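> coords below, sequence missing:
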């Protein structure tokens, strides 16, 4: 599926609005806050239902939790400022019928499929986005693949954002986003900082080696250590 549209672009104001829960602790912290909040509310409701004692106190605690959760959500919510419109294209083309049969084959298929979708784009775009795992190689070490990306950027006068496995120190791999400008220059690389356990890495892999299902995760990504701002032309 390839889709394109114009959208209001909120300026990158994280540094002005302060850190958010997601920026501080990622999915893990957000999940923790949600689970704790719901757990406290549920405990209060069960206590009221089973014992019917201290109903006013429990109701007050539950209400306080909800108010606190709302206050935290509001304080940590990103407050952006509308600055301009951008025209973007989002590509999503992974539909291999035997995705688990051959990793190398499905990776190559995904790359080819997304470039096929990109070939249907017409006109000028500000941003073209390839999804996670759309490329089978690191374009910085694969000249032919890099050229396809930069040719696409030049054709549509767009920044092309792609995702790839890139080398990390010590022989590891980053789950990284790379942004190429219309002039073919690599703006920078962002390595994902908050990795998904048992998805992008296996905690205590050696101790859990007896779990055969974990072999489906053949390597552990290395977490990045900094943010990267990518700039897109504004209209």
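The structure has been received and is ready for your questions. Since we're looking at a predicted model, the values are computed, not measured.

> CA only for contacts and neighbour counts going forward, please
Will do.

> show the pLDDT at residue 67.
Note for residue 67: predicted pLDDT of 68.

> show the backbone phi and psi for residue 194.
Backbone dihedrals for residue 194, given as degrees, to the nearest 10, come out at phi -110, psi 90.

> can you count the residues close to it?
18 (other CA atoms under 10 Å).

> these two touch, right, it and residue 222?
No: Residue 194 is beyond contact range of residue 222, at 9.7 Å (criterion: CA atoms under 8 Å).

> show me where pLDDT drops low in the protein?
Residues of the chain that meet the criterion pLDDT under 70 lie in 1-23, 48-80, 94-106, 234-235.

> do a quick rundown of the strands in it.
2-10, 82-91, 127-129, 159-167, 173-180, 186-191 (DSSP state E).

> in a markdown table: the ones you listed, plus mean neighbour count and distance to residue 41.
Listed next are these as a markdown table, based on neighbours: other CA atoms under 10 Å; distance: least, CA to CA, whole Å:
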| stretch | mean neighbour count | distance to residue 41 |
| --- | --- | --- |
| strand 2-10 | 13 | 34 |
| strand 82-91 | 17 | 36 |
| strand 127-129 | 23 | 40 |
| strand 159-167 | 23 | 40 |
| strand 173-180 | 23 | 37 |
| strand 186-191 | 18 | 37 |
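
> residue contacts, residue 154?
181, 182, 183, 184 (CA atoms under 8 Å, 6 or more residues apart in numbering).

> what do you get for residue 151?
By CA under 8 Å, 6+ apart, the contact set of residue 151 is residue 184.

> Throw the strands of the chain into JSON lines and include distance to residue 212, thanks.
Listed next are the strands of the chain as JSON lines, based on distance: least, CA to CA, whole Å:
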{"stretch": "strand 2-10", "distance to residue 212": "37"}
{"stretch": "strand 82-91", "distance to residue 212": "34"}
{"stretch": "strand 127-129", "distance to residue 212": "35"}
{"stretch": "strand 159-167", "distance to residue 212": "24"}
{"stretch": "strand 173-180", "distance to residue 212": "22"}
{"stretch": "strand 186-191", "distance to residue 212": "28"}
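
> report the buried residues of stretch 203-221.
If you call a residue buried by 16 or more other CA atoms under 10 Å, then stretch 203-221 has these buried ones: 214, 220, 221.

> what about residue 192, neighbour count?
Residue 192 sits with 18 neighbouring residues when counted by other CA under 10 Å.

> pretty sure it is touching residue 176, no?
Yes: counting by CA under 8 Å, residue 192 does reach residue 176; the two are 5.9 Å apart.

> mind checking how far residue 193 is from residue 110?
Applying CA to CA, to the nearest Å, the value for residue 193 to residue 110 is 24 Å.

> same question, residue 229
27 Å.
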